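Asker: I'd like to go over a predicted model; first the sequence, then the structure.
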Amino acid sequence: MLGLFLVYPAYYTIRLSFYQSDYLFNFTHWVGIDNFKNLLTNDPDFLDLSHFPPSGALVNNLRWIIFYISLSLFFGLGLAVLAVRVRYERIVKSVTFVPMAISATAVGIIWLFVYSPDINQGVLNAILHAFGHNPIAWLGRDDTVNYALIFAYIWASTGFVMVVLSAAIKGIPTEILEAARADGASEWAIFWRIMVPMLSLPISIVTIWLFINVVKVFDIIYVMTGGGPGTTSRVIAFTMYYETFPNLRPGYGAAVAVIMLILVLPVMVVNVRRFRSERVVT
């Protein structure tokens with residue numbers, strides 16, 4: 001099963017990335033590393049270093065990595081710490097986890113209404129209008145579209161982070177926390193010096209999950225912007241789809257897929273090694 005659905009497709013994709021293929025995904029013309037060279041040097045939609053700050057799908061993914069992962073962890077960990085302290089913990093967790101149970105397509109449609117420039121539909125612009133400001137085309141401006149998409153995906157992912165870290169917090173022995181309080185440690189000191197270090201393994205696992213989500217994010221961008229305006233909100237996975245199917249360049253799209261694989265593999269290897277070392281210590 002692994003050979004059929006994992007190993008062989010990976011081998012086929014890597015091999016295809018060195019060819020100029022036709023729409024049937026045949027190995028028609030060997031081009032070597034030209035697909036990769038064009039992606040990294042001649043394709044401004046994928047990587048454009050001719051100006052500062054640089055742009056392109058690869059840079060957009062870097063922006064996603066920085067903001068999506070950090071803010072998802074921040075909100076998820078904060079809600080996890082608060083959830084274990086409130087009386088109606090199950091209700092709070094259920095409400096926060098609901099966006100995670102919704103498909104990314106549905107999340108995209110929901111946030112299309114939130115970001116709508118029509119003040120009768122868009123929640124954000126209705127609020128701005130109530131305070132006397134003009135509506136903003138959140139998804140139609142180059143300087144706001146990526147951050148609007150990132151925030152929508154954070155909303156959909158924070159519930160998962162909260163549930164995982166909340167369970168990990170409950171696994172911390174209460175004797176340790178009570179001993180720290182008895183020694184006069186503040187709640188802030190307990191959080192940073194005891195809880196966070198003991199949550200390092202769950203946080204790293206959640207971080208890897210968020211990282212993989214970032215590298216392969218596609219559906220919410222396809223639904224909300226289609227990579228636009230222009231090519232401003234394209235990411236690696238969207239470029240792979242666009243080059244493979246609408247542009248009918250499977251070899252070029254396979255090269256993008258190989259770059260995705262190269263980005264993910266080192267992080268996965270480090271995470272597996274750390275997980276094994278933590279189990280040994282335990």
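Answerer: Right, received. Where do you want to start? Residues are numbered from 1 along each chain as shown.
Asker: where do the strands sit along the chain?
Answerer: Along the chain, counting by DSSP state E, strands occupy 19-20, 29-30.
Asker: can you list contacts of the first one?
Answerer: Looking back up the chat, that one is strand 19-20. Contacting residues not belonging to strand 19-20 are listed as Phe27, Thr28, His29, Trp30, Val31, Asn35, Arg249, Gly251, Tyr252 [C-beta atoms under 8 Å, 6 or more residues apart in numbering]. C-betas here are computed from N, CA, C, even on glycine.
Asker: one more time with 10 Å, if that's ok
Answerer: Strand 19-20 is contacted from outside by 25-32, 34-35, 249-252, 254-255, using C-beta atoms under 10 Å, 6 or more residues apart in numbering.
Asker: Now which of those residues would you call buried?
Answerer: Phe25, Val31, Asp34, Asn35, Arg249, Pro250, Gly251, Tyr252, Ala254, Ala255 (16 or more other C-beta atoms under 10 Å).
Asker: Tally up the residues packed near the spatially closest residue to Lys216 that is not a sequence neighbour, please.
Answerer: Spatial nearest neighbour of Lys216, excluding adjacent residues (C-beta to C-beta, 6 or more residues apart in numbering): Ala237 at 5.0 Å. A count of neighbours around Ala237, defined by other C-beta atoms under 10 Å, yields 21.
Asker: So which of the strands of the chain is nearest Trp64?
Answerer: strand 19-20 (29.6 Å; C-beta to C-beta).
Asker: That closest one pairs with which strands, parallel or anti?
Answerer: The strands beside strand 19-20 in its sheet (DSSP bridges) come out as strand 29-30 (antiparallel).
Asker: residue ranges with poor pLDDT in the chain?
Answerer: Applying pLDDT under 70 to the chain flags residues 275, 277-282.
Asker: OK, contacts around the spatially most central residue of it?
Answerer: Against the mean C-alpha coordinate of the chain, by C-alpha atoms, centre = their mean, the closest residue is Val214 at 2.6 Å. Residues near Val214 by C-beta under 10 Å, 6+ apart: 61-69, 72, 150, 153, 157, 235-237, 263-264.
Asker: PyMOL command to pick out the buried ones of these?
Answerer: Per 16+ other C-beta under 10 Å, the buried members of the contacts of Val214 correspond to this PyMOL selection:
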select buried, resi 61+63+64+67+68+69+72+150+153+157+235+236+237+263+264
